[in-house]
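Engineer: here you go, sequence then predicted model.
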Number of protein chains: 2
Amino acid sequence: MTEPRYREIKRSIVASIRSGMLKPGDRVQSEAEIVEQFGVSRMTANRALRELTDAGLLTRRSGAGTFIADAKPIGHMIEIRNIADEIRARGHAYRSRVLRNDAIKADAKQATLLDVRVGVRLFHSIIVHHEADFPIQLEDRLVLASAAPGYGETDFHQQTPNEYLTRIAPIARVEHRVTAALPDPEVRALLGMQELDPVLVMDRRTWSGDRLVSHATLTHPASRYALTATFEVKLD
Amino acid sequence: MTEPRYREIKRSIVASIRSGMLKPGDRVQSEAEIVEQFGVSRMTANRALRELTDAGLLTRRSGAGTFIADAKPIGHMIEIRNIADEIRARGHAYRSRVLRNDAIKADAKQATLLDVRVGVRLFHSIIVHHEADFPIQLEDRLVLASAAPGYGETDFHQQTPNEYLTRIAPIARVEHRVTAALPDPEVRALLGMQELDPVLVMDRRTWSGDRLVSHATLTHPASRYALTATFEVKLD
DNA sequence: GAGTGGTCTAGACCACGAC
DNA sequence: TCGTGGTCTAGACCACTCC
């Protein structure tokens, strides 16, 4: 019934990361230090650190120590790295155009998307992300106001909604739905597309804890964007 | 330098699964039995079984035993379950139409796709997969003949190429690329699509061991098919 | 009641890294 | 040299399942 010791240790370290107390590259306690702090045997300390390492949160170097891993691929496929990082990783300039970021009350359709009642307070943002001056993603996002009170005042030229949300509300679950479509004229104009050029549409729902906190529709010109995803089967 | 004991135990169990000796639902050795067979301590046996459980290959029931897990989502997102399973899971009839399955020698383009030299022996299959009599996927696949010698004689009405390949060559790595397009008239006809209806195209490359063994282009009518993928962050 | 997994301990030996 | 992680042992107690 009581929580296992190794899990308590894991939670403690995860909490330090989430609170921002520990940042990528920082050193965490050695096994010996955990043995002292928590009064456990070394095997238990080792298990906690090893499991967090397997999960990708830590990296260990024998002889040196255990450190917070940088970046978080946060998934093996369709990485949730935000579009800005993705663009910069390709060596291109990133720029965004914020079309709106309003506080609203959910209408029937929006309430369905976020699984809340009509009238619940939301934020609604629409942003066009550019890669080297070409629009590459139209992001239409709904955010539960109670989960992200400061969303409406955030300057999304400085950081993407994705970055903001992952900072204030740790992601517990993400669901994607990907399909193809022909864009309506408005979307086509916003993305600077030719007629008859299809779009790749990704609907992304994000949970924090048990709560569905955000729904985003990400629309990309197929001629300029493809999703890639790799999965490795590792058995050792 | 020498292989850790827990990894040796894991390899032994994985080998039993791959060889077909152990099937989903079968019981594997208990920790006590592994202690005897391998002459290790129980902690070492436990680690081997626990890691294979975390990896999804086994399931454990305290008091009952350790068993081979069924199915293999083989990834947390864009599951590699083949299209036939996917259709049947939705409660629909699955049917396939095999348009070709030929032994060929790689031309320049095919050689590039599979990263081999021109002239290497390949199989080339084209199959249309139907859900409840509606075409839902056009599968155009190249397979390295040396990795799957029996591919050309396999009846792909009985099992999908995916099923066949995963059985004879354990998948080590999968890479996806997803994009949207407007189909050319031939593809449109094969998939029974309206004009101006876009397709969702997934290129999938599959490695077994270090070898790239297959390249498949999977084309879906956007009106009838969407990719979905979920990722859960679990920290315990 | 016998067997199973889940957890934990208090030691141990080793290779490696930093100093 | 000393601290680090990587591995392993031979016990232990418990809750659970199956018979």
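Structural biologist: On my side now, so go ahead. Numbering: from 1, shown residues only, chains lettered A, B, ... in the order given.
Engineer: for chain A, give me the ranges with low pLDDT.
Structural biologist: Along chain A, segments meeting pLDDT under 70 span A:1, A:70-82, A:230-236.
Engineer: now whichever residue of chain A sits closest to DNA strand C: which helix or strand?
Structural biologist: Chain A approaches DNA strand C most closely through A:G63 (2.2 Å), counting by Cβ to the nearest atom of the strand. Quick note: C-beta positions are derived from backbone N, CA and C, even for glycine. A:G63 belongs to no helix or strand when elements are defined using DSSP states H and E.
Engineer: where does it fall, phi/psi-wise?
Structural biologist: Backbone torsions of A:G63, given as degrees, to the nearest 10, read phi 90, psi -20.
Engineer: from A:S30, how far off is it?
Structural biologist: Distance, A:G63 to A:S30, by Cβ to Cβ, to the nearest Å: 11 Å.
Engineer: before we move on, what about A:D54?
Structural biologist: Taking Cβ to Cβ, one finds A:D54 at 18 Å from A:S30.
Engineer: ok, how many other residues are close to the residue of chain A closest to DNA strand C?
Structural biologist: 5 (other Cβ atoms under 10 Å in any protein chain shown).
Engineer: same deal with A:Q194?
Structural biologist: A:Q194: 8 surrounding residues under other Cβ under 10 Å.
Engineer: OK, contacts around it?
Structural biologist: Shown in contact with A:Q194 (Cβ atoms under 8 Å, 6 or more residues apart in numbering or on different chains): A:S223.
Engineer: was I right to think A:A229 contacts B:E175?
Structural biologist: Yes: if you go by Cβ atoms under 8 Å, A:A229 and B:E175 touch, sitting 7.4 Å apart.
Engineer: the two - which one has more neighbours?
Structural biologist: Taking neighbours as other Cβ under 10 Å, A:A229 and B:E175 compare with A:A229 leading, 22 against 17.
Engineer: what segments of chain A are strands?
Structural biologist: For chain A, strands defined by DSSP state E occupy the ranges A:58-61, A:65-68, A:94-105, A:121-131, A:134-144, A:173-181, A:199-208, A:211-221, A:227-232.
Engineer: is chain B contacted by the second one?
Structural biologist: No: residues of strand A:65-68 are not located near chain B by Cβ under 8 Å from any Cβ of the partner chain, the shortest gap being 14.0 Å.
Engineer: and stretch A:188-195, what's buried?
Structural biologist: A:R188, A:L190, A:L191, A:M193 (16 or more other Cβ atoms under 10 Å in any protein chain shown).
Engineer: now stretch A:146-154
Structural biologist: A:A147, A:A148, A:Y151, A:G152, A:T154.
Engineer: distance to B:G39 added to the residues you listed, as CSV?
Structural biologist: Converted to CSV, the buried residues of stretch A:146-154 look like this (distance: Cβ to Cβ, whole Å):
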residue, distance to B:G39
A:A147, 54
A:A148, 56
A:Y151, 59
A:G152, 64
A:T154, 60
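Engineer: which residues touch A:H124?
Structural biologist: A:H124 is in contact with A:R100, A:N101, A:D102, A:I104, A:Q110, A:D140, A:R141, A:L142, A:V143, counting by Cβ under 8 Å, 6+ apart.
Engineer: the first one bridge partners, please.
Structural biologist: Taking DSSP bridges, one finds A:I126 as the beta-bridge partners of A:R100.
Engineer: isn't it right next to A:S125, touching?
Structural biologist: Yes: contact criterion Cβ under 8 Å: A:R100 and A:S125 qualify, at 6.4 Å.
Engineer: and these two? which has more neighbours close in?
Structural biologist: Between A:R100 and A:S125, A:S125 has the larger neighbour count (other Cβ under 10 Å), namely 20 against 11.
Engineer: isn't that one right next to A:V98, touching?
Structural biologist: Yes: shown here, A:S125 and A:V98 form a contact pair, counting by Cβ under 8 Å, at 7.1 Å.
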